[in-house]
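Asker: model the structure of this input:
(2 chains)
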Amino acid sequence: MTISSQIRSNIAKTYVLMSVFVGLVIAIGYVLGYALGYGSDFVWIATLFAVISSFSSYWWGDKMVLAMSKARPADRKKDFDFFTVAENLSIAAGIPKPSLYVIDDTAMNAFATGRDPEHAVVCATTGLLDQLERRELEGVIAHELSHIKNYDTRLLAVISVLAGTVVFLSDMFMRNLWWGGRRSSRDNDNNSGGIILVIGIVLAILTPVFATLMQLALSRRREFLADASGADLTRYPEGLARALTKLTKDKEVLEAATNATAHLYITNPFKGKAYGAWFANMFNTHPPIEERIKRLRAM
Amino acid sequence: MNPIYLGGGAVALFVVYVWSLYNGLIRESTEIDEAWGQIQVQLKRRADLIPNLVETVKGYAKHEKGVFTDVTKARTAVMNAESPVEAAKADNMLTGALKSLFAVAEAYPKLEANASFMQLQKELSDTEDKVAYSRQYYNAQLLEYNLKVKTFPNNLFVGAFGFTSREFFKAGEQEQNKVDVKFS
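Answerer: Take a look at the predicted model:
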């Protein structure tokens, strides 16, 4: 696939995802509502919830993330390399310069967000800015700008809020079942109610797992693509490869990162141990760094 | 099938093809003009830094006259360049002249430690990056456009609209090794 067809498919995917999600939540709400004996009230609440979270993630995703990470705007004088490198690579990518922010944290990391290149944000930690040389920083920023240019930021911002909502809804259902379960058994004391209840429980357990796995799988694929198109911008894959090597050595955990924002960063901010088991990879937001470095060096 | 429908369909297809070809070429050549404007902005920015730099170096190394004339001459050439081809040539000349200027500066430790000299050096190398990146963007846009103009069957029609292939901004040495991008 070429870059422009990747971009088109990303944009299309976002809209498909948003509508599938809203439909899914309505369906789940319907089943769960009947299982719990609330009837259609639950469907309306779930729908409202889905629509609101879908749209707010689209419009205010970038601001929410920035507020969560306690970032300050970057300054040309103080953060000369960060500022100018972002400026230069935006020229190369043919997109407007994103707003730049700095997180005061000695852990090395960076992320990008925003629904399109006109509303994009790139954020880096002071640890990253201090410890990387200019060419290495270029590699990292090019990777982030590629996320923006390829519309990964939109896709991932939307999908993470949506996955979060599914998790939240099923959590709500399980709680309700625990505390209000008696009421439903009194109201529909027949076989079909029991079956729906079982389906409801199975759904409540499985959907969040699937939603999360899907989000993570998508996030990992995007990382390889951003590495490749970032290297195309700088024409120097070694810069990012060296930066990633430095990042692996950094064992510090980024305090500003949460589960909701982890997938945005250039490397996993939690510094999970190197798992041996194959299934552990399924729960990672990022592909193994060694694999990324290997691919960069092969370019 | 009715031959009238068949003929009508073929004509409609042809109209859609020519329409999208024309609009695509217009959009791409506008983007190229914009990219060229960006290069000019960055070249001017670079040229604006040079008088200051020359003055600073002169303060420490007055007798290195040859280098100063070379730099000033190359700067004027960049400022007066009209076409991408001319600008690229003048820009490469200026890069060479600046190289020898910095080589001269190395012989003066006091100059190398001068704060405003260091700041100028930083700004200059950043501007050089900016020139390189805007050139890279320009050439990438141009490649797409030229490919469209030259390939069959587009090449049969573009002449009628007045589109011709355009000249690349010739790369300096950094850009010769292009990266192979692979998608999996």
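Asker: please, which helix or strand holds the nearest residue to A:Arg115 once chain neighbours are set aside?
Answerer: Nearest residue to A:Arg115, sequence neighbours excluded (CB to CB, 6 or more residues apart in numbering or on different chains): A:Arg154, at 4.7 Å. C-beta here means a position set from N, CA and C on the backbone, and glycine is covered the same way. Following DSSP states H and E, the helix or strand that holds A:Arg154 is helix A:152-187.
Asker: for that helix, what does the pLDDT average out to?
Answerer: Averaging pLDDT along helix A:152-187 yields 67.
Asker: check stretch B:126-137 too.
Answerer: 89.
Asker: what about the residue nearest to A:Arg115, neighbour count?
Answerer: Residues lying near A:Arg154 (other CB atoms under 10 Å in any protein chain shown) number 27.
Asker: how far away is it from chain B?
Answerer: A:Arg154 is 20 Å from chain B, where distance means CB to the nearest CB, to the nearest Å.
Asker: same deal with A:Ala93?
Answerer: From A:Ala93 to chain B the distance is 7 Å (CB to the nearest CB).
Asker: contacting residues around whatever residue of chain A ends up closest to chain B?
Answerer: Proximity of chain A to chain B (CB to the nearest CB) peaks at A:Ala92, 3.8 Å away. Contacts for A:Ala92 (CB atoms under 8 Å, 6 or more residues apart in numbering or on different chains) come out as A:Leu233, A:Thr234, B:Tyr133, B:Ser134, B:Gln136, B:Tyr137.
Asker: now render those residues as JSON lines, adding distance to A:Arg242 and neighbour count.
Answerer: Below are those laid out as JSON lines (distance: CB to CB, whole Å; neighbours: other CB atoms under 10 Å in any protein chain shown):
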{"residue": "A:Leu233", "distance to A:Arg242": "16", "neighbour count": "27"}
{"residue": "A:Thr234", "distance to A:Arg242": "12", "neighbour count": "25"}
{"residue": "B:Tyr133", "distance to A:Arg242": "20", "neighbour count": "25"}
{"residue": "B:Ser134", "distance to A:Arg242": "25", "neighbour count": "24"}
{"residue": "B:Gln136", "distance to A:Arg242": "21", "neighbour count": "24"}
{"residue": "B:Tyr137", "distance to A:Arg242": "24", "neighbour count": "23"}
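Asker: state the pair within the residues you listed that is farthest apart.
Answerer: Spatial extent of these (CB to CB) is set by the pair A:Thr234 and B:Ser134 at 14.1 Å.
Asker: hang on, the earlier thing: name the nearest of the contacts of A:Ala92 relative to A:Tyr101.
Answerer: Using CB to CB, A:Leu233 is the member of these that lies nearest A:Tyr101, at 20.6 Å.
Asker: element containing the closest one?
Answerer: For A:Leu233, the element it lies in under DSSP H and E is helix A:191-234.
Asker: that helix packs against which elements?
Answerer: Helix A:191-234 sits against helix A:3-36, helix A:80-93, helix A:134-149, helix A:152-187, helix A:237-249, helix A:289-297, with contacts defined as 3 or more CB pairs under 8 Å, 6 or more residues apart in numbering or on different chains; DSSP states H and E.
Asker: most packed of the ones you listed?
Answerer: By mean neighbour count, with neighbours taken as mean count of other CB atoms under 10 Å in any protein chain shown, helix A:134-149 ranks first of those at a mean of 26.
Asker: what's the spacing between that one and its chain's center?
Answerer: Its chain's C-alpha centre and that of helix A:134-149 lie 17 Å apart, by CA atoms, centre = their mean, to the nearest Å.
Asker: avg pLDDT for that helix?
Answerer: On average, the pLDDT along helix A:134-149 is 92.
Asker: list the contacts of B:Ala61.
Answerer: Counted by CB under 8 Å, 6+ apart, B:Ala61 has contacts B:Val104, B:Ala105, B:Ala107, B:Tyr108, B:Leu111.
Asker: grab the most central residue of chain B for me.
Answerer: Per CA atoms, centre = their mean, the C-alpha nearest to the average position across chain B is that of B:Arg135, at 3.0 Å.
Asker: count of residues packed around the nearest residue to that one once chain neighbours are set aside?
Answerer: Setting aside the residues directly before and after it, B:Arg135 is nearest to B:Phe169 in space (CB to CB, 6+ apart), at 4.8 Å. Burial of B:Phe169 is recorded as 24 neighbouring residues (other CB under 10 Å).
Asker: how about B:Phe169, secondary structure?
Answerer: Look at B:Phe169: counting by DSSP: H, G, I helix; E, B strand; the rest coil, its state is coil.
Asker: if I read this right, it contacts B:Ala90, doesn't it?
Answerer: No - look at B:Phe169 against B:Ala90 with CB atoms under 8 Å: they stay out of range, at 11.5 Å.
Asker: close to chain B: what parts of the stretch 51-200 of chain A are there?
Answerer: Contacts of the stretch 51-200 of chain A with chain B, taken as CB under 8 Å from any CB of the partner chain, map to A:Phe80, A:Thr84, A:Val85, A:Glu87, A:Asn88, A:Leu89, A:Ile91, A:Ala92, A:Ala93, A:Gly94.
Asker: mind running it again at 6 Å?
Answerer: Residues of the stretch 51-200 of chain A found near chain B (CB under 6 Å from any CB of the partner chain) are A:Thr84, A:Asn88, A:Ile91, A:Ala92, A:Gly94.
Asker: phi, psi for the residue nearest to the centre of chain B please.
Answerer: When read as degrees, to the nearest 10, the backbone of B:Arg135 gives phi -70, psi -40.
Asker: check the gap between it and B:Val41 for me.
Answerer: 12 Å (CB to CB, to the nearest Å).
Asker: cool, and B:Val15?
Answerer: 39 Å.
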